[in-house]
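In: take this sequence and fold it.
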Amino acid sequence: MAKLSLGLNLGYWGSLCPGENHTTMAQEAERLGYDSVWVAESWGNDCFTPLAWIGAQTSTIRLGTAIAQLSARTPAACAMATLSIDALSGGRFSLGLGVSGPQVVEGWYGQPYSKPVTRTREYVDIVRKILAREEPVTSDGEFYPLPYKGPGSWGMGKPLKPITHPIRKDVPIFIGAEGPKNVTQTAEIADGWLPLYYSPYRQDVYADQLTGAKPGFEICPTVLVNINDDMEQALYPVKAMLGFYIGGMGSAKRNFHKELMARMGFPDEADEVQRLFMEGKRDEAIAAVPDQFADDISLCGPKGRVKERLVDWENSPVTTMLVNGDVNFLREMAELAL
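Out: Residues are numbered from 1 along each chain as shown. Presented below is the predicted three-dimensional model:
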């Protein structure tokens, strides 16, 4: 079994630009032997620009988007950004994609959130065609027809292939997927998977969905690590994150994170967390997150316990554990895992 790698997940920005802090962290991660650094986007910063900035100031660490939202740009625009960063970084780029959720897609991007699984397949297919640069790209798909011939068309669209020759035709594509159909499709069409929650103790939740994965398929979950002798304090940041995502990152009708928590064995607790959060009782919602669930998807507790439980992750299908923290934390994780 291949040794577990570490990746640095810088996430998306808060209210302020992190400035050189993220660059410094990426440089230290590279020095320590981390495999990759990832940047996210929500409805603030984009994910490609920070990676280009970081890539210009590093030399070996892989650069990934976790995740680039499909609705933020067309497949052609995404492929253009991909071939640009991959060329500038000397072939270090990995494209992480995801559909996001209806609140963001319809509220921020002004697009319908329909058939996300079908849309993802069509998107990936076009990106791969563009990077392959074998012929002018056409698509008769439902969402991204090329050339476009719909309402408002001038009827003058011409199939094109990129002027710039990509330095790699096989840039790795990862997909952030939660639902069973999306995870199954990810194993079929992508080079890797970026799960939001993963547990080495509940591998059965995903096992059937990953049977179609090809050799070398990467699984790279983001894992919250909190080394603290007090287990209650160690788990609190994990429970706070879960309370927000399960309670508020979605609607009462559909919340993909809540549905995943239910599939992982905690359906009643998921309902309660959402109910409390939507009633404005955020502290109670956080407290209602089961310690067991928070513990299963994270690495928390005294250093010795974290080191012991790290073995369970190493023995799982996970290939890279994505973590986040300050420079001292990065060094401590490298000592434990690398």
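In: just the pLDDT for the closest residue to I189 other than its chain neighbours.
Out: Once flanking residues are discounted, I189 sits nearest to V124: 5.5 Å by CB to CB, 6 or more residues apart in numbering. (C-beta placed from N, C-alpha, C; glycine too.) V124 carries a pLDDT value of 98.
In: count the residues that sit near V124.
Out: Around V124 there are 21 other residues, counting by other CB atoms under 10 Å.
In: ok, it touching L97?
Out: Yes - using CB atoms under 8 Å, V124 is in contact with L97, at 7.0 Å.
In: need the overlap of contacts for the two.
Out: I173, I175 (CB atoms under 8 Å, 6 or more residues apart in numbering).
In: related to what we said a few turns ago, what backbone torsions are found at the residue nearest to I189?
Out: Backbone torsions for V124, taken as degrees, to the nearest 10, come to phi -60, psi -40.
In: distance of it from C78?
Out: Applying CB to CB, to the nearest Å, the value for V124 to C78 is 10 Å.
In: shared neighbours of the two, anything?
Out: Joint contacts of V124 and C78 (CB under 8 Å, 6+ apart) are L97.
In: confidence score at the residue most central in space within the chain?
Out: The centroid of the chain falls nearest to A66 when counting by CA atoms, centre = their mean (3.7 Å). Looking at A66, its pLDDT reads 97.
In: got the contact list for it?
Out: Taking CB under 8 Å, 6+ apart, we find A66 in contact with N9, W38, V39, A40, C47, G96, F174, G176, L194, C220, T222, L322.
In: run the last query once more with 10 Å
Out: The contact partners of A66, taken as CB atoms under 10 Å, 6 or more residues apart in numbering, are 7, 9-12, 36-41, 47, 94-98, 174, 176, 194, 220, 222, 322.
In: give me the buried entries from those residues.
Out: 7, 9-12, 36-41, 47, 94-98, 174, 176, 194, 220, 222, 322 (16 or more other CB atoms under 10 Å).
In: from these, which land in strands?
Out: Taking DSSP state E as the definition of strands, those contribute 7, 9, 36-39, 94-98, 174, 322.
In: next, format these as TSV and append distance to L336 and pLDDT.
Out: Output for these, formatted as TSV (distance: CB to CB, whole Å; pLDDT from 0 to 100):
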residue	distance to L336	pLDDT
G7	15	98
N9	17	98
S36	18	98
V37	19	98
W38	20	98
V39	24	98
S94	24	98
L95	29	98
G96	25	98
L97	30	98
G98	29	97
F174	25	98
L322	15	98
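In: which of these sits closest to S251?
Out: Using CB to CB, G98 comes nearest to S251 of these, at 18.2 Å.
In: relative to Y148, how far out is the closest one?
Out: Distance from G98 to Y148, by CB to CB: 24 Å.
In: run through this protein and note the low-pLDDT ranges.
Out: The chain contains residues with pLDDT under 70 at 1-2.
In: what about the strands in it?
Out: Using DSSP E, the strands of the chain run over 5-9, 36-39, 62-65, 68-69, 93-98, 173-175, 192-193, 218-219, 225-227, 299-301, 320-323.
In: switch those strands over to JSON lines; also include distance to T23.
Out: Listed next are the strands of the chain as JSON lines, based on distance: least, CB to CB, whole Å:
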{"stretch": "strand 5-9", "distance to T23": "11"}
{"stretch": "strand 36-39", "distance to T23": "10"}
{"stretch": "strand 62-65", "distance to T23": "12"}
{"stretch": "strand 68-69", "distance to T23": "20"}
{"stretch": "strand 93-98", "distance to T23": "17"}
{"stretch": "strand 173-175", "distance to T23": "23"}
{"stretch": "strand 192-193", "distance to T23": "25"}
{"stretch": "strand 218-219", "distance to T23": "25"}
{"stretch": "strand 225-227", "distance to T23": "22"}
{"stretch": "strand 299-301", "distance to T23": "26"}
{"stretch": "strand 320-323", "distance to T23": "18"}
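In: among these, which is nearest G141?
Out: Among the strands of the chain, strand 93-98 sits nearest to G141 (CB to CB), with 15.5 Å.
In: and the closest one with strand 5-9, angle?
Out: Per axes from the mean of the first three to the mean of the last three CA atoms, to 10 degrees, the angle that strand 93-98 makes with strand 5-9 is 70 degrees.
In: what's the spacing between the residue nearest to I189 and A190?
Out: 7 Å.
In: which residue packs closest to Q69, ignoring adjacent ones?
Out: Using CB to CB, 6+ apart, the nearest residue to Q69 is S100, at 4.5 Å.
In: that neighbour contacts A177, correct?
Out: No - contact between S100 and A177 fails when scored by CB atoms under 10 Å: they sit 11.8 Å apart.
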